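In: With the input below, show me the fold.
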Amino acid sequence: MERVALITGIRRIGGEVARYLLRVGFDVALVYRSSEKEAKRIEEEGKRQGRRVLPIRADLSDPKACDEVVRRIEEGFGRLDAFLHLASPYKKTPVETLSHEEILSHFGPIVEAFLLISSRVYRLMMRNGGKVKGRIVAFGDWAVEMTPYRGFSAYLVAKGALHTAVKVLAKEFSPHVLVNCIALGPTAKPEGMEEETWKKILSNTPLRREVSLKDILSLVIYLLEVESVTGEIIMVDSGRHIAGSQA
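Out: Sure, this is the predicted structure:
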């Protein structure tokens, strides 16, 4: 049976998730803002595997773009089985100098886009057959569940709102659409971060290593197949929530 997944944010982990879903038999729609080269690479990989890939360039800080994304999916595929939301700026925003613009630049793509797209794709998913008609997976952050760290106030508050949105939508969309969240710890060194800083972060995790991409992909496919898990925030963080932020 044809299965279609929508993935927002493909620069880092999202691109690997897209490739994995192609390998396991999904057609995919890719929403990106500036990662055009990555989108084209994934599209070519899809063609080689006989899968359909629909790249959609959109700025998810614009609410109108969310409606356009869903329209393009409905027009291009006619159905949707899974929505994975990874789009997320990660910028340092010291609370002492926090601005209105910085707050909006995080809340738009992280929370508002998730809510708007989810509400639209829910209606599309409800056309599917079966007891479970669709699955939504958000990507959050371990720190907002346990011990936030300093310097990223807008990002962390937005991720906290995302976690709440997952629980709210899990109830709103039950019993036919499942909504869950993968709350990641240190997975890939952020752009611009010094290597020594990254090593220090990893040393603060009980497992002393970054989160395994293999583990993330295994959890993704589990959440896209499970029938009795919804509203969960699942931490995949090399145990960092045990140690705390230490910052």
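
In: ranges for the helices of the chain?
Out: When assigned using DSSP state H, the helices of the chain occupy the ranges 13-23, 36-48, 63-76, 100-107, 113-125, 153-172, 195-203, 213-223, 240-243.

In: Comparing those helices by mean pLDDT, which bottoms out?
Out: When the helices of the chain are compared on average pLDDT, helix 240-243 comes out lowest at a mean of 72.

In: For it, give me every contacting residue.
Out: Residues outside helix 240-243 that contact it (C-beta atoms under 8 Å, 6 or more residues apart in numbering): 142, 145-147, 185-186, 204-206, 235. C-betas here are computed from N, CA, C, even on glycine.

In: Okay, and which of those residues map to strands?
Out: With strands identified by DSSP state E, the entries of the contacts of helix 240-243 that belong to them are Met235.

In: Filter the contacts of helix 240-243 down to just the buried residues.
Out: Burial of the contacts of helix 240-243 was assessed by neighbour count (16 or more other C-beta atoms under 10 Å); the buried members are 142, 145-146, 185-186, 204-205, 235.

In: Okay, and the beta partners of the closest residue to Val31 other than its chain neighbours?
Out: Using C-beta to C-beta, 6 or more residues apart in numbering and skipping residues adjacent in sequence, the residue nearest Val31 is Thr8, 4.3 Å away. The residues paired with Thr8 through beta bridges, assigned by DSSP bridges, are Val31, His85.

In: measure Thr8 to Glu195 for me?
Out: Counting by C-beta to C-beta, to the nearest Å, the separation of Thr8 from Glu195 is 29 Å.

In: Neighbour count: the two, which is higher?
Out: Comparing Thr8 with Glu195 by neighbour count (other C-beta atoms under 10 Å), the higher total belongs to Thr8, at 27 against 8.

In: Please name the residues that touch the more buried one.
Out: 14, 31, 60, 69, 83-87, 113, 117.

In: what does Lys37 give?
Out: Lys37 makes contact with no residue under the criterion C-beta under 8 Å, 6+ apart.

In: What pLDDT is listed against the residue positioned nearest the centre of the chain?
Out: For the chain, the residue nearest the mean C-alpha position is Leu86 (2.3 Å; C-alpha atoms, centre = their mean). Looking at Leu86, its pLDDT is 97.

In: now do Gly244
Out: The predicted local confidence for Gly244 is 67.

In: do the same with the one 3 residues further on
Out: As summarised for this prediction, Ala247 has a pLDDT of 54.

In: And Gly239, by the same measure?
Out: For Gly239, the pLDDT comes out at 67.

In: again, but for Met1
Out: Residue-level pLDDT assigned to Met1 equals 66.

In: Please report how far the spatially most distant residue from the centre of the chain lies from Ser153.
Out: Relative to the average C-alpha location in the chain, and by C-alpha atoms, centre = their mean, no residue lies farther out than Glu96, which sits at 28.5 Å. Summarising the geometry, the distance separating Glu96 from Ser153, computed by C-beta to C-beta, is 9 Å.

In: Please apply the same query to Val24.
Out: In this structure, Val24 and Ser153 are 38 Å apart, going by C-beta to C-beta.

In: Neighbour count: these two, which is higher?
Out: For the pair Val24 and Ser153, the greater number of neighbours falls to Ser153 (19 against 13), based on other C-beta under 10 Å.

In: To what extent is the residue nearest to the more buried one when sequence neighbours are not counted buried, counted in neighbours?
Out: The shortest distance from Ser153 to any residue that is not its chain neighbour, by C-beta to C-beta, 6+ apart, is 4.4 Å, and that residue is Val95. Burial of Val95, expressed as a neighbour count using other C-beta under 10 Å, amounts to 11.
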